[in-house]
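*Asks:* generate coordinates for the sequence data below:
(one chain, ligands or ions: 1)
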Amino acid sequence: MTTAQQAPTLFDSAYYQDPYTVYDWLRVNDPVHQFRFPVGDVPMVFLSRYDDVKELLSDQRFSNDGEAWGSEAFKKSGMIFGADTLIGRILTVLDPPDHTRVRKLAMGAFTPRRAATWKEPVERIVEEALDRLAKSDSPDVMDFASKIPADVTGEILGFPLERFGDMLHAIERAFHADPSNPNNEAEVAAAFEEIVIYGRELIVEKRRNPSDDLTSVFIQARDGEDQLTEDELVSMVALMIMAGIDTTRNLIGSAVLALLDHPDQRRLLVEKPEHTPTAVEEFLRYDGAFCIGLFRLAKEDLDFRGVHIPAGTPVVAGLQSGNHDPEKFTDPRRLDITRTGTRHLALGHGLHNCMGAALARLETGAAVPALLKRFPNMRLAVPREEILFEENWLLRSLPSLPVLL
Ligand code: HEM
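*Replies:* Residues are numbered from 1 along each chain as shown. Model (predicted):
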């Protein structure tokens, strides 16, 4: 096996603009790659092959719970979201049996009948966002892409706009903090505290005025005598916002960029919108919103594909690397909106797979074709090389995608 020193670097500036070249190298030369994560200099392992990523995500020897199972270096790194607040106990970090119980209660809210009721608000919000884009002096696809999941989430959770705006602002400060700011840690902690305070207020208000929205359904969710506790309710609402907005925004943005880069596929989608369902899956595979899954922590000293992994080591599931594994996807760098076959990993796999997948698909499947239809001559307003991804290790995010309509 080739040594790690020769490996191209994960999570440096070049990686963020083109992670796929790094992944291609790792899959061939060092599929269970040991490296030091730039934040906190934490020793970690990166898995890049499709089969390994999938196996990791259903391997019970790993936990999502960094506070319980992470190495000291990981705990000190400050990378555990909302540590010391109830956000630190959201569904994504729970292990069974707690995970099983909370997920089952929450999943009761995501019935196909309820998902069907989201179609109308999603389509209306897309049309409103298109109208605003048409009037803009400097149209930017990312403004369009941001507005859709933010408005949709606020509406289906049933929140008053102003309070929801405050919550979004606190989440923005918690997740897009500036590490070079000397008060960063205190400010991030304060932002997480605020998320909790707003969440509590919203739940109190919703208890007084229940409706047919998702928050009311979470409040009423029961399994026999079992119900979500007050803290679980607050963290579930915060999780819907944290997990559902930036991700969907980024997917819509990356999908539009991919179509601008592949005019034949853009033409095909406009001429044959019936390809939308496979197109959305292909957008997720091609450049999905999560580059990597959330950290998995080894609960014991173990061997994975012959590599020794000490207890506490964070192991990274390279979701997008798996999605470009040529063993599973023919010609993976090509966008093919009619592609079928192997299921991508962009929405996760196993216990923690994406709970909001139906909503993410609905929003992207409404937003992208509608944008192409409304603005058939849309093109980039700047040279292609000026379109840069944010240096964000978890999310694949375009800060801006300026276009001429
Ligand atoms: C394009 C949009 C989206 C993408 C790419 C995405 C991706 C993912 C992935 C990869 C995971 C698993 C993480 C892991 O195992 O490490 C996940 C989990 C989750 N997602 Fe999504 N997601 C999207 C949209 C949404 C939306 C719209 C919602 C809610 C309305 C949502 C709610 C959740 C929740 C609650 C979990 C945690 C499930 C659990 O831990 O059991 N996601 N998502």
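*Asks:* grab the nearest non-local neighbour of the residue in the chain that the ligand sits nearest to.
*Replies:* Closest to the ligand within the chain is G356: 2.0 Å, counting by C-beta to the nearest ligand atom. No exception for glycine: its C-beta is placed from N, CA and C like everyone else's. Closest residue to G356 apart from its sequence neighbours, by C-beta to C-beta, 6 or more residues apart in numbering: G244 at 5.0 Å.
*Asks:* tell me who's in contact with the residue of the chain closest to the ligand.
*Replies:* By C-beta atoms under 8 Å, 6 or more residues apart in numbering, the contact list for G356 reads F110, M240, A243, G244.
*Asks:* contacting residues around stretch 99-111?
*Replies:* For stretch 99-111, the external contacting residues (C-beta under 8 Å, 6+ apart) are 91, 94, 214, 217-218, 221-223, 226-228, 232, 236, 351-352, 355-356, 358.
*Asks:* against V237, how distant is the residue nearest the centre of the chain?
*Replies:* Residue closest to the average C-alpha location in the chain (C-alpha atoms, centre = their mean): T247, at 3.9 Å. For T247, the distance to V237 (C-beta to C-beta, to the nearest Å) stands at 16 Å.
*Asks:* same deal with M355?
*Replies:* Distance of M355 to V237, computed by C-beta to C-beta: 13 Å.
*Asks:* circling back to that earlier point, and the ligand, which of the contacts of G356 reach it?
*Replies:* M240, A243, G244 (C-beta under 6 Å from any ligand atom).
*Asks:* list the contacts of the second one.
*Replies:* Counting by C-beta under 8 Å, 6+ apart, A243 touches T92, C354, M355, G356.
*Asks:* export the residues you listed to TSV and tack on secondary structure?
*Replies:* As requested, the contacts of A243 are exported to TSV (DSSP: H, G, I helix; E, B strand; the rest coil):
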residue	secondary structure
T92	helix
C354	coil
M355	coil
G356	coil
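*Asks:* just among the residues you listed, which is most surrounded?
*Replies:* Among the contacts of A243, M355 has the most neighbours (other C-beta atoms under 10 Å), with 22 neighbours.
*Asks:* could I get the phi/psi values of D41?
*Replies:* D41 adopts backbone torsions of phi 50, psi 40, taken as degrees, to the nearest 10.
*Asks:* residue ranges with poor pLDDT in the chain?
*Replies:* Low-confidence segments of the chain (pLDDT under 70): 1-6, 177-180, 182.
*Asks:* one more pass at 80, please.
*Replies:* Along the chain, the model assigns pLDDT under 80 to residues 1-7, 81-88, 160-163, 175-185, 222-225.
*Asks:* up against the ligand, what does it have?
*Replies:* With C-beta under 6 Å from any ligand atom as the criterion, the chain meets the ligand at residues 57, 91-92, 103, 239-240, 243-244, 247-248, 251, 288-290, 293-294, 319, 346-348, 352-356, 359-360.
*Asks:* next, count neighbours for the closest residue to Q227 other than its chain neighbours.
*Replies:* Nearest residue to Q227, sequence neighbours excluded (C-beta to C-beta, 6+ apart): A221, at 6.6 Å. A count of neighbours around A221, defined by other C-beta under 10 Å, yields 20.
*Asks:* and for G40?
*Replies:* As a burial measure, G40 scores 14 neighbours (other C-beta under 10 Å).
*Asks:* correct me if wrong, but it is in a helix.
*Replies:* No - the assignment for G40 (three-state DSSP) gives coil, which keeps it out of a helix.
*Asks:* ok, now which ones touch the residue nearest to G356?
*Replies:* With contact set as C-beta under 8 Å, 6+ apart, G244 has these partners: P149, T153, G356, L359, A360.
*Asks:* most neighbours out of the residues you listed, which is it?
*Replies:* Within the contacts of G244, most neighbours by other C-beta under 10 Å means P149, with 27 neighbours.
*Asks:* ok, now how distant is that one from R339?
*Replies:* P149 sits 24 Å away from R339, taking C-beta to C-beta as the criterion.
*Asks:* one more: L161?
*Replies:* Plainly put, L161 is 39 Å away from R339 if you go by C-beta to C-beta.
*Asks:* more crowded one of these two?
*Replies:* Neighbour count, other C-beta under 10 Å: between L161 and R339, R339 has more, with 19 against 10.
*Asks:* thinking the more buried one is in contact with T278, fair?
*Replies:* Yes - at 6.4 Å, R339 counts as touching T278 under the criterion of C-beta atoms under 8 Å.
*Asks:* contacts only, for the closest residue to H344 other than its chain neighbours.
*Replies:* For H344, ignoring the flanking residues on the chain, the nearest one in space by C-beta to C-beta, 6+ apart is R285 at 3.7 Å. Counting by C-beta under 8 Å, 6+ apart, R285 touches N323, F329, R339, H344, A346.
*Asks:* possible to save the contacts of G356 as CSV with secondary structure?
*Replies:* Below are these laid out as CSV (three-state DSSP):
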residue, secondary structure
F110, coil
M240, helix
A243, helix
G244, helix
